[in-house]
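coords below, sequence missing:
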């Protein structure tokens, strides 16, 4: 495993029922890489806002999987993901409805999120 964002058992016990537990695991083997990400509500049920966000991300994932049948480039899938997610976040009121397609794309390209590098 080359990166992990896992809330360990002790940390989970300190979370509150309104919070979300996030698990992201990645691996690499002989040039192949994979990852899995899961979220679940600590209290056992999503709040309305958490459910809306979960449904938005699931909708984007479903649309991107459908797009894969046309064999798009990874760059075009990434751009589509930014646009789709941006529109959903605008609908939910998380992002300004005045944000343009170009602004949404620019934000994603300047994001500070990067997976941790493999250990030396």
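Looks like it arrived, so ask away. Predicted model only: the values in this text are computed from it and were never measured.

burial count for residue 85?
Residues within reach of residue 85, counting by other CB atoms under 10 Å, total 21. Backbone N, C-alpha and C define where each C-beta goes, glycine included.

looking at it, it is touching residue 57, isn't it?
Yes - the pair formed by residue 85 and residue 57 meets the contact definition of CB atoms under 8 Å, at 7.3 Å.

Show me where this structure has its strands.
Secondary structure of the chain (DSSP state E): strands located at 3-6, 20-29, 32-41.

Worst mean pLDDT among those?
Ranked by mean pLDDT, the strands of the chain bottom out at strand 3-6, with a mean of 45.

From the rest of the structure, what touches stretch 89-99?
Counting contacts by CB atoms under 8 Å, 6 or more residues apart in numbering, the residues outside stretch 89-99 that touch it are 52-53, 56, 86, 104.

can you rerun that using 7 Å?
Stretch 89-99 is contacted from outside by 52-53, 56, 86, using CB atoms under 7 Å, 6 or more residues apart in numbering.

neighbour-wise, which of the residues you listed leads?
Counting neighbours by other CB under 10 Å, the top entry in the contacts of stretch 89-99 is residue 86, with 21 neighbours.

dump the residue contacts of residue 55.
Listed by CB under 7 Å, 6+ apart, the contact set of residue 55 is empty.

Distance to residue 67 and mean neighbour count added to the strands of the chain, as CSV?
Rendered in CSV, the data for those read as follows (distance: least, CB to CB, whole Å; neighbours: other CB atoms under 10 Å):
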stretch, distance to residue 67, mean neighbour count
strand 3-6, 26, 13
strand 20-29, 23, 13
strand 32-41, 19, 11
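
Let's have the ones you listed in a markdown table, adding distance to residue 61.
What follows is the strands of the chain, written out as a markdown table (distance: least, CB to CB, whole Å):
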| stretch | distance to residue 61 |
| --- | --- |
| strand 3-6 | 18 |
| strand 20-29 | 15 |
| strand 32-41 | 10 |
